[in-house]
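Peer 1: coords please:
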Amino acid sequence: MREIKLIKSADIFPVIKEILCDGTNVWITVTGMSMYPFLRENLDSVKLSKTSFDAIRKGDIVLIKRKSGEYILHRVLKKEKGHFYIVGDAQKWIEGPLQPEQLIAAVTEIKRKDHQFSCQNSWWKFLVGFWINIIPFRNYFIKAIRVFLKLKKYLKPAQTL
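Peer 2: You can find the predicted model right below:
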């Protein structure tokens, strides 16, 4: 089994940016909770692919570099002439306007446990479309998901030996 090494994003993303510029895709493990429930910290991985401002659309997950130097993976909320806005799936705060040169990559695939799927999957796109349109109510849905997961854990029948 391969050894997993934890590297600070500030150290690794400049290298990832170079790899993407060469046309190679890169898989990274998700860190942080801003994209919950769609992406889960240290459990999900995403495939980053080179992209352009013209290619991104509302609902896409993109990697950007903030003017402060931080790298962030959030969802495109709105795209206008010459700039765009992003938001984390667990957030209501909208960030932008962002400039096209801040865009580094787009997420094209997601790995979750033993499953891998495209971000172009119609079920995924449906859920994303719903999620983007309920920004003021997201916290209620997130709380409901957490309650459901706790109940599901307690309601599992005990295994017998």
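
Peer 1: please count neighbours and contacts with C-alpha atoms only from this point.
Peer 2: OK.

Peer 1: how many residues are close by Gly129?
Peer 2: Here the number of neighbours of Gly129 (other CA atoms under 10 Å) works out to 13.

Peer 1: could you point out the longest helix in the protein?
Peer 2: When the chain is parsed with DSSP state H, its longest helix is helix 138-155.

Peer 1: and the contacts of that helix?
Peer 2: Residues outside helix 138-155 that contact it (CA atoms under 8 Å, 6 or more residues apart in numbering) are 37, 90-92, 131.

Peer 1: low pLDDT regions in the protein?
Peer 2: Confidence mapping of the chain against pLDDT under 70 gives the ranges 1-2, 4, 156-161.

Peer 1: the contacts of helix 138-155 into JSON lines, with extra columns for distance to Ile7 and secondary structure?
Peer 2: Below are the contacts of helix 138-155 laid out as JSON lines (distance: CA to CA, whole Å; DSSP: H, G, I helix; E, B strand; the rest coil):
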{"residue": "Pro37", "distance to Ile7": "24", "secondary structure": "coil"}
{"residue": "Ala90", "distance to Ile7": "24", "secondary structure": "coil"}
{"residue": "Gln91", "distance to Ile7": "25", "secondary structure": "coil"}
{"residue": "Lys92", "distance to Ile7": "29", "secondary structure": "coil"}
{"residue": "Trp131", "distance to Ile7": "31", "secondary structure": "helix"}
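
Peer 1: and these, which are buried?
Peer 2: 90-91, 131 (16 or more other CA atoms under 10 Å).

Peer 1: redo those as CSV? Include distance to Lys58.
Peer 2: Output for these, formatted as CSV (distance: CA to CA, whole Å):
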residue, distance to Lys58
Ala90, 17
Gln91, 16
Trp131, 12
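
Peer 1: hmm, back to that, any buried residues in the longest helix of the chain, and which?
Peer 2: Quick answer for helix 138-155 (16+ other CA under 10 Å): Arg138.

Peer 1: what does stretch 103-114 give?
Peer 2: 103-111.

Peer 1: follow-up on the earlier one: ok, so of the buried ones among the contacts of helix 138-155, who is nearest Thr51?
Peer 2: Trp131 (23.1 Å; CA to CA).

Peer 1: please report how far that closest one lies from Ile28.
Peer 2: Separation of Trp131 from Ile28 (CA to CA, to the nearest Å) stands at 23 Å.

Peer 1: please apply the same query to Val107.
Peer 2: In this view, Val107 and Ile28 are 10 Å apart by CA to CA.
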